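Peer 1: Just need the structure, nothing else, for what follows:
(chains A and B)
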Amino acid sequence: MHDIKYIREYPEDFDVAMARRGMGAQSSALLQMDGDRRAVQTQLQELQAKRNDESKKIGMIKKDGGDANDAMASVARMKDEMSALEERERTLMNSLSQHLASLPNIMDSDVPDGADENENVEIHTWGEPKNPNGANKMPEHFEIGEALGMMDFETAAKMSGSRFVLLTGALARLERALAQFFLNTHTDEHGYTEASPPLIVRDNAVFGTGQLPKFAEDLFRIPESSVTLENKVESSRWLIPTSEVPLTNIVAESIVEENSLPRRYTAFTPCFRSEAGSAGRDTRGMLRQHQFYKVEMVSITKPEDSEAEHERMLKCAETVLKKLKIPFRTVLLCSGDTGFGARKTYDIEAWLPGQGAYREISSCSNCGDFQARRMNARFKLEGDKHTTFLHTLNGSGVAVGRALIAVVENYYDPVDGGVYVPEVLKPYMGGLEKIVKS
RNA sequence: GGACAGAUGGCAGAGCGGUUGAAUGCACCGGUCUUGAAAACCGGCAUGGGUUUAUAGCCCAUCCAGGGUUCGAAUCCCUGUCUGUCCGCCA
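Peer 2: Below you'll find the model as predicted:
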């Protein structure tokens, strides 16, 4: 994990921005830390310059066969002071970086204030929810799936524990059909480049997207250790919690060509989450699993383009739900519900007749330059001497497991307990019209 | 898993422990020449940081990463990462 590029002038409202995140004032402490660091650095650099001069002299004297003892003694005198300064600089830089790494992203000014998800703001709705008030008792997806004999939680628990599911037959195929449909739509119609990324990543990748160091407990860790002569070195790799991680890290540590922007990637991958701390929530069914499939969209843009790209991405996600004819609503997350790395987030919530509620099926976030700073991802404007941090965005397009739930509940036929196949999925289901108990 | 070899600027590719941020070629940008183009010739062409009103100058750092030896490291030593080749195993 490298040092995060820090801000030199904190904007007046930086402390206000942090307060919206429930954090105390930061700017004066940061400026102080940075000032200290720079003072030490300047001192050190002056010494280094002197040392370099002396060393060059020694080189020249020795070349001519002269006596360089005076110059060597002079350098020797600087040594202690230099190593002390180096040590101090390292310490100061480390604490500054660590501090910066722990700070959340600054939210966009149009993110509404609010404590939690109850204060998110509805932007719009689409479609006619079946059973809008939950007046009629309608079955939930797990009741439908279990009755069909194609959704088996017990068998999955036997081999893997809780929060896993075994799909079989037409429901297993439905999952694959959804993924295919999403991917094809995003690549063929929305201009995304399909990627098939690694599912296991290193520390720095997860740090770059912001899940580390703060949210390590939400991830599945693969411990690794290598034994060296002196000691045992512990390290880790991580199962990706979302393909946002590998897709965004495509541009990590690089300076991309301006004319290659915006870059848009989509991938269909499993996602792994420990779900630590969510004990007791959504325990029934496959709404909240340790492992689920998701089609993800990631965009890399210039700063001035990220807002428009965010709206575009949201439309791409909404489009697949419209094509599936799943009623949904779109909400703008309030300050209390906006994630650590996001500047602004829209959630799309699909209507689930069995629950009589809208439930999250997609989350589209503009991260601004937050992730780019962490992973040092830049581009260079034509004619500009310096590089500029990119903006990164990610969105589910959409969660496959939850889309399956939505299809099962919205296309349920109470007459025979079957599930109609949505029109757009039929080509992927071998023309099957309806999933019924075999 | 075992045994070797390697990692240098956008690319290719030099580099004895000493004024090397780094030869040379290609690519790219600007100019001269030309009716225009090509060729030829001339010039420019990394990133981060410090200082500074300055994207002027000066300075520091960076030749995969982190340590070390040394007055001085791209060059020597150690560790890690990655790449290549061979062997073993394997979807």
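
Peer 1: so where's the stretch 201-350 of chain A uncertain?
Peer 2: Judged by pLDDT under 70, the stretch 201-350 of chain A has its weakly predicted residues at A:225-234.

Peer 1: Could you do the stretch 1-150 of chain A as well?
Peer 2: Within the stretch 1-150 of chain A, the stretches with pLDDT under 70 are A:1-12, A:134.

Peer 1: nearest spatial neighbour of residue A:160, skipping sequence neighbours?
Peer 2: Distance criterion CB to CB, 6 or more residues apart in numbering; nearest residue to residue A:160, sequence neighbours excluded, is residue A:290 at 7.7 Å. Any C-beta I mention is one placed from the backbone N, CA and C, and that applies to glycine too.

Peer 1: where exactly do the strands run in the stretch 201-350 of chain A?
Peer 2: A:221-227, A:232-239, A:254-256, A:263-272, A:291-301, A:328-332, A:344-352 (DSSP state E, counting those that start in this stretch).

Peer 1: if we compare those, which one ends up closest to RNA strand B?
Peer 2: strand A:221-227 (5.2 Å; CB to the nearest atom of the strand).

Peer 1: Helix or strand: which one has residue A:114?
Peer 2: Using DSSP states H and E, residue A:114 maps to neither a helix nor a strand.

Peer 1: Buried ones in stretch A:15-33, by neighbour count?
Peer 2: Within stretch A:15-33, the residues that qualify as buried are A:15, A:17, A:18, A:20, A:21, A:26, A:27, A:30, A:33, counting by 16 or more other CB atoms under 10 Å.

Peer 1: distance of the fifth one from RNA strand B?
Peer 2: The spacing between residue A:21 and RNA strand B, counted by CB to the nearest atom of the strand, to the nearest Å, is 24 Å.

Peer 1: Could you do residue A:203 as well?
Peer 2: As for residue A:203, its distance to RNA strand B is 11 Å (criterion: CB to the nearest atom of the strand).

Peer 1: ok, now residue A:437?
Peer 2: 33 Å.

Peer 1: ok, the residue nearest to that residue when sequence neighbours are not counted - contacts?
Peer 2: Leaving aside its sequence neighbours, residue A:437 sits nearest to residue A:148 (CB to CB, 6+ apart; 5.2 Å). When contacts are counted by CB atoms under 8 Å, 6 or more residues apart in numbering, residue A:148 touches A:169, A:170, A:171, A:417, A:418, A:419, A:435, A:436, A:437.

Peer 1: In the stretch 301-438 of chain A, which residue sits closest to RNA strand B?
Peer 2: RNA strand B sits closest to residue A:387 of the stretch 301-438 of chain A, with a gap of 3.4 Å, by CB to the nearest atom of the strand.

Peer 1: so that residue makes contact with residue A:255?
Peer 2: Yes - using CB atoms under 8 Å, residue A:387 makes contact with residue A:255 at a distance of 5.7 Å.

Peer 1: overlap in contacts of these two?
Peer 2: Common neighbours of residue A:387 and residue A:255 (criterion: CB under 8 Å, 6+ apart): A:378, A:379, A:380.

Peer 1: hang on, the earlier thing: from the buried residues of stretch A:15-33, which ones fall inside helices?
Peer 2: Within those, residues falling in helices by DSSP state H are A:15, A:17, A:18, A:20, A:27, A:30, A:33.

Peer 1: what number of residues lie near the residue nearest to residue A:160?
Peer 2: 17 (other CB atoms under 10 Å).

Peer 1: next one: residue A:244
Peer 2: Neighbour count for residue A:244, taken as other CB under 10 Å: 30.

Peer 1: List the contacts of the closest residue to it other than its chain neighbours.
Peer 2: In space, residue A:244 comes closest to residue A:394 once its chain neighbours are excluded; the distance is 4.1 Å by CB to CB, 6+ apart. Applying CB under 8 Å, 6+ apart to residue A:394 gives the contacts A:242, A:244, A:247, A:248, A:296, A:297, A:298, A:299, A:364, A:365, A:367.

Peer 1: what's the answer for residue A:179, then?
Peer 2: Residue A:179 makes contacts with A:268, A:293, A:295, A:400, as judged by CB under 8 Å, 6+ apart.

Peer 1: Next, the angle strand A:291-301 makes with the strand or helix carrying it.
Peer 2: Per DSSP H and E: residue A:179 is located in helix A:169-184. Using axes from the mean of the first three to the mean of the last three CA atoms, to 10 degrees, the direction of helix A:169-184 lies 10 degrees away from that of strand A:291-301.

Peer 1: Closest to residue A:57 out of the buried residues of stretch A:15-33?
Peer 2: residue A:33 (36.9 Å; CB to CB).

Peer 1: about what we covered before: how close does the residue nearest to residue A:160 get to RNA strand B?
Peer 2: In terms of CB to the nearest atom of the strand, residue A:290 sits 23 Å off from RNA strand B.

Peer 1: does that residue really touch residue A:273, like I thought?
Peer 2: Yes - between residue A:290 and residue A:273 a contact is recorded at 6.2 Å, counting by CB under 8 Å.

Peer 1: Spit out the residues that contact these two alike.
Peer 2: The contact sets of residue A:290 and residue A:273 overlap at residue A:220 (CB under 8 Å, 6+ apart).

Peer 1: Any of the shared contacts of residue A:387 and residue A:255 buried? List them.
Peer 2: Among these, those classed as buried by 16+ other CB under 10 Å are A:378, A:379.
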